[in-house]
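**Student:** Take a look and give me a structure for this.
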Amino acid sequence: MRKVHLIGLMTLVCMGCLGKGKTIPAYSQVPSNPVSVVESAKLGNPEAQYYLGLVYELGQEVPQNYSEAVRWYRLAAEQGHPEAQLGLGQMYYEGKGVIKDDREAVYWYRKAAEQGLANAQFYLSNFYWHGKGVPQDYIESYRWRKLAAEQGHAKAQLVMGQWYLMFQDYSQAREWFMKAADQGETSALTCLGKLYFKGQGVSQDFGEAARWYQLAADQGDSVAQFYLGNMYFKGEGKPQDFLQASLWYELSAKQGHVEAQYNLGVMFRTAQGVVQNRAESIKWTSLAADQGFSPAQFTMAVNYKDGWGVPQNYTKAFHLFQVLAEKGNALAQANLGLMYALGQGIENDFVKAHMWLNLSGAEGGKNTLETRDIIAEEMTPEQIAEAQRLAGEWMAQRAEMK
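**Tutor:** This next block holds a predicted model:
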């Protein structure tokens, strides 16, 4: 299940690429006079019909009109024009000028793909992967993606590399990443950096990893910027330099990279490479916490509990500890137990305190069992039994979820 999940995440991004980056091409078969283009399209010239569909979709030279775009795309597509078939498929996928219909999108993508149009082959592979408009079929997905990649489709080459990486065929992965990188696919540069960093299919070489990361980072890739920050922070492949680390983390964090946001928050907290700044630390840590990053959520819980950089707020601290405790975080469970015991952010409840401290100890929390036993001295045998019952129920439910 892990491989399917990760590859699904990998291709999910590709579904969002449909229809982007369109431009008006120049065709020798299309008259240069706009009036002549319309006349030619009316006479059945598929190139002119496709051209009109494109300008109506993009709203260039004419007011944007998706219905007209669909009409002209369809006329050309029905004559076998591959780009028009692709364009019509995208209109159905996006629901522009027509009711959104994945099956119709697949129908027209397939028409174009069968004529060898690489973009259509790539998009069709994603539909097969996700089971959108067709029964899910990983083999068909792979087949169409490979056909696109072999024609030089950069994103297909990138995904082929990720596919082989998941199945630990590092030689094939590197080959596809190199092909994508040669075409300027920035993410492929980052993937090559990872191969050298981990020594997968190549000799481990931090310096070479840093070189690839640098190339991608300079082009604005947030993942590469994060990894480059790590290399400066740890002194791997780059001289250790906390200032440089913070600068690369910031560039990545501004693009929403959650780990970069968290690391930057830590650096502002601990004054590594930057002057300590509680407001900046809270800003970046909060952004990471809002994305559900557990270490950031825990840090914010502690900040609210202690009043570090924010007004002390036991209720907010309790809520964040509770979210993490339910996920099995032993430290959060210990803190939640203490807050129940002390009545911080919640009404005092020794039964719940005992329950969470018991669970924390079972998850490997340090010193929590001793604290649990101290609290037990204030409880009746019936309360202790109830706390143990609740802890057992929680563990049973968690086991079922796994």
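
**Student:** can you pull out the helices in the stretch 1-150 of the chain?
**Tutor:** Secondary structure of the stretch 1-150 of the chain (DSSP state H, counting those that start in this stretch): helices located at 2-15, 34-42, 46-58, 66-77, 82-94, 102-114, 118-130, 138-150.

**Student:** With distance to Q388 added, can I get these in TSV?
**Tutor:** The way it works is simple: take the backbone N, C-alpha and C, and place the C-beta from them, glycine included. Below are those laid out as TSV (distance: least, Cβ to Cβ, whole Å):
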stretch	distance to Q388
helix 2-15	34
helix 34-42	78
helix 46-58	65
helix 66-77	63
helix 82-94	55
helix 102-114	51
helix 118-130	45
helix 138-150	46
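
**Student:** so which of those helices gets nearest D290?
**Tutor:** helix 2-15 (20.0 Å; Cβ to Cβ).

**Student:** closest one to G199 among the helices of the stretch 1-150 of the chain?
**Tutor:** The closest of these to G199 is helix 2-15. By Cβ to Cβ, the value is 20.2 Å.

**Student:** Could I get the pLDDT score of the nearest residue to Y66 once chain neighbours are set aside?
**Tutor:** Leaving aside its chain neighbours, Y66 sits nearest to G97 (3.2 Å; criterion: Cβ to Cβ, 6 or more residues apart in numbering). Note on G97: pLDDT of 96.

**Student:** which ones are touching G97?
**Tutor:** Contact analysis of G97 by Cβ atoms under 8 Å, 6 or more residues apart in numbering lists 65-70, 91.

**Student:** how about the helices of the stretch 1-150 of the chain, which one is nearest Q214?
**Tutor:** Of all those, helix 2-15 comes closest under Cβ to Cβ, at 23.1 Å.

**Student:** Report the mean per-residue pLDDT for the closest one.
**Tutor:** Helix 2-15 comes out at a mean pLDDT of 36.

**Student:** One more: stretch 144-160?
**Tutor:** Averaging pLDDT along stretch 144-160 gives 96.

**Student:** tell me which residues of it are tucked away?
**Tutor:** 144-149, 153-160 (16 or more other Cβ atoms under 10 Å).

**Student:** Which of the residues you listed sits closest to L336?
**Tutor:** Checking the buried residues of stretch 144-160 against L336 by Cβ to Cβ gives V159 as the nearest, at 41.9 Å.

**Student:** Between helix 118-130 and the helix or strand where that closest one lies, find me the angle.
**Tutor:** Using DSSP states H and E, V159 sits within helix 154-166. Angle between the axes of helix 154-166 and helix 118-130 is 40 degrees (criterion: axes from the mean of the first three to the mean of the last three Cα atoms, to 10 degrees).

**Student:** Closest one to V275 out of the buried residues of stretch 144-160, please.
**Tutor:** L158 (39.6 Å).

**Student:** So what's the residue count around the closest residue to that closest one other than its chain neighbours?
**Tutor:** Of all residues not flanking L158 in the chain, A180 sits nearest, at 4.3 Å (Cβ to Cβ, 6+ apart). A180 is flanked by 27 other residues according to other Cβ atoms under 10 Å.

**Student:** Could you do the one 10 residues further on as well?
**Tutor:** Counted by other Cβ under 10 Å, the residues lying close to T190 total 26.

**Student:** Please export the C-alpha coordinates of the helix holding V159 as PDB.
**Tutor:** Provided in PDB are the C-alpha atoms of helix 154-166 (Å, rounded to 0.1, in the frame of the first residue of the first chain):
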ATOM      1  CA  ALA A 154       9.900  16.000 -19.700                       C
ATOM      2  CA  LYS A 155       7.200  15.500 -17.000                       C
ATOM      3  CA  ALA A 156       6.600  12.000 -18.100                       C
ATOM      4  CA  GLN A 157      10.300  11.300 -17.900                       C
ATOM      5  CA  LEU A 158      10.400  12.800 -14.400                       C
ATOM      6  CA  VAL A 159       7.500  10.500 -13.300                       C
ATOM      7  CA  MET A 160       9.100   7.500 -14.900                       C
ATOM      8  CA  GLY A 161      12.200   8.200 -12.800                       C
ATOM      9  CA  GLN A 162      10.100   8.400  -9.700                       C
ATOM     10  CA  TRP A 163       8.400   5.200 -10.600                       C
ATOM     11  CA  TYR A 164      11.700   3.300 -10.900                       C
ATOM     12  CA  LEU A 165      12.900   5.000  -7.700                       C
ATOM     13  CA  MET A 166       9.900   3.600  -5.800                       C
END
